[in-house]
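okay, structure incoming, though there's no sequence with it:
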């Protein structure tokens, strides 16, 4: 799951000026700059530049609105007083594919000749839904459809705009994620058994829901008959919530050719083979301060073997340094983190061999002790700006095409 942050760094600077003040107390200047952290901006609703911005003065209802953050002038003249600043994704829908929605607000006060720091967290406001299909489910069903809605009922007037459908016809059920506004989720699975085309129907109600939840729903089938300044941070993190839907079982149907492996009603579902990452010293992968000596040892398990391993380095100091070591042309840009292909890039492998696992130390491996303990402290050599963040986005894809993406974030003290 794509898990990555954005920051607006803005300072509310107050200075004497000759323009007329909206309030009698005097004017201040709102100075806004944007700094991106991470590489999460892959879709329009994630791009900080397109966020809508509203500044409201509650005392008299005065408002200032910008359709896009990028259109905010370098300085905004504001009268002294209390304000609320709100930022939000430009598009909101109750149900949509790949449409995370963010929103955050904070109250602040403009005072003459004072600096007013305000921090705003723009967190995920909706819920993510994705599916994992067991081998039993894939083998037993020849076709199926999955409908998810957050409407009050299946026949509610707004059910259409609040529902999404996954289908075996598209072949991408496990790759598609839907986003839903916060409300109880109803899941309905309709399918046909491969051996005799008999029907099966299942439903699940998930009533315990909240913003940021990632509902990972496993579908299974059994043949048993019983079955500083103003800053805005876009936080893409989600709370994984796992559920299982087991379609009703069928009585055993004889198959020509005799028993096959997996036909035994007592067979257990196959365990998940999706790659995992564990950082024992930092289980939540919380942002970590950069020090001269660090323990960044991440254990990666990939039961199907690793096919590809890339790391996107979003660092204004380290990206260009690594590129130079690998004789690669790269100029830092927050929109294009430096990509390290640790399996296929020969020059990069030669430059980093011995510092982090590369090439055959990753290719087709099922277990990897991936260390950043030597690489990350190099950032400190360049005296990074205090508070600056440096993100390593680890992307692992196994030989079955299953992927895992994880952000490892460090900051300068």
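All right, it came through fine. Predicted, not measured: the structure shown is a model, and the values here were computed from it.

which stretches of the stretch 201-350 of the chain form helices?
Remark: helices assigned in the stretch 201-350 of the chain by DSSP state H, counting those that start in this stretch are 318-325, 346-352.

what is the neighbour count of residue 170?
Residues near residue 170, counting by other CB atoms under 10 Å, number 10. In short, each C-beta sits where N, CA and C put it, glycine included.

what's near enough to touch it?
Residues near residue 170 by CB atoms under 8 Å, 6 or more residues apart in numbering: residue 176.

could you check the pLDDT of it?
On pLDDT, residue 170 comes in at 89.

and it, what element?
Using DSSP states H and E, residue 170 maps to neither a helix nor a strand.

now it: how far from residue 178?
Separation of residue 170 from residue 178 (CB to CB, to the nearest Å): 13 Å.

what sits against the closest residue to residue 142 other than its chain neighbours?
Of all residues beyond its chain neighbours, the one nearest residue 142 is residue 194 (4.0 Å), with distances taken as CB to CB, 6 or more residues apart in numbering. Neighbour list for residue 194: 139, 140, 141, 142 [criterion: CB under 8 Å, 6+ apart].

pLDDT wise, what is residue 194 at?
Reported pLDDT for residue 194: 83.

how about residue 99?
At residue 99 the predicted local confidence, pLDDT, stands at 87.

name the SS class of it, please.
Secondary structure, DSSP: H, G, I helix; E, B strand; the rest coil: residue 99 is coil.

if any of the contacts of residue 194 are buried, give me the ChimeraX selection for them.
This is the ChimeraX syntax for the buried subset of these, where burial follows 16 or more other CB atoms under 10 Å:
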select :139,140,141
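
how distant is stretch 132-149 from the center of its chain?
25 Å (CA atoms, centre = their mean, to the nearest Å).

and that stretch, which residues are buried?
With burial defined by 16+ other CB under 10 Å, the residues of stretch 132-149 counted as buried are 132-134, 136-141, 144, 146-149.

let's have those residues in TSV, adding pLDDT.
Below are those laid out as TSV (pLDDT from 0 to 100):
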residue	pLDDT
132	88
133	87
134	85
136	81
137	85
138	87
139	85
140	83
141	85
144	92
146	93
147	95
148	96
149	96
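
farthest-apart pair in those, please.
Spanning the widest gap among the buried residues of stretch 132-149 are 139 and 149, at 27.8 Å by CB to CB.

what's the burial count for residue 168?
Neighbours of residue 168 using other CB under 10 Å come to 17.

I'd say it and residue 131 touch.
No - with contact defined as CB atoms under 8 Å, residue 168 does not count as touching residue 131 (11.3 Å).

which residues of the chain score low on pLDDT?
By pLDDT under 70, the low-scoring segments of the chain are 1-46, 48, 74, 115-121, 222-238, 242-271.

from the contacts of residue 194, pick the one nearest residue 291.
residue 139 (50.5 Å).

using the three-state scheme, assign the closest one.
Under the three-state scheme (three-state DSSP), residue 139 adopts helix.

what about it, distance to residue 304?
17 Å.

ok, now residue 395?
16 Å.

over to residue 83?
53 Å.

more neighbours, the two?
residue 83 (25 against 16).

so that one touches residue 108, yeah?
Yes - using CB under 8 Å, residue 83 and residue 108 qualify as a contacting pair, with a distance of 5.7 Å.

roughly how far apart are residue 84 and residue 185?
Distance from residue 84 to residue 185, by CB to CB: 32 Å.

stretch 314-325: how far from the chain's middle?
In terms of CA atoms, centre = their mean, the centre of stretch 314-325 is found 24 Å from the chain centre.

who's in contact with it?
36-39, 313, 329-332, 334, 337-338, 340, 348, 351-352, 375, 378-379, 382, 384, 388, 390-393.

identify each buried residue in it, please.
Buried, per 16+ other CB under 10 Å, within stretch 314-325: 314, 315, 316, 317, 318, 319, 320, 321, 322, 323.

mind giving me a markdown table with those residues and columns for distance to residue 367?
As requested, the buried residues of stretch 314-325 are exported to a markdown table (distance: CB to CB, whole Å):
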| residue | distance to residue 367 |
| --- | --- |
| 314 | 27 |
| 315 | 28 |
| 316 | 34 |
| 317 | 32 |
| 318 | 27 |
| 319 | 29 |
| 320 | 33 |
| 321 | 30 |
| 322 | 25 |
| 323 | 30 |
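
closest one to residue 293 out of the residues you listed, please.
Nearest to residue 293 among these is residue 318, at 17.2 Å by CB to CB.

can you pull out the strands in the stretch 51-200 of the chain?
52-57, 62-66, 75-79, 81-88, 95-97, 102-110, 115-116, 119-124, 127-133, 141-149, 163-167, 178-180, 185-193, 199-206 (DSSP state E, counting those that start in this stretch).

ditto for the stretch 251-400 of the chain
Using DSSP E, counting those that start in this stretch, strands in the stretch 251-400 of the chain cover 276-279, 288-289, 297-301, 306-314, 338-341, 367-371, 389-398.
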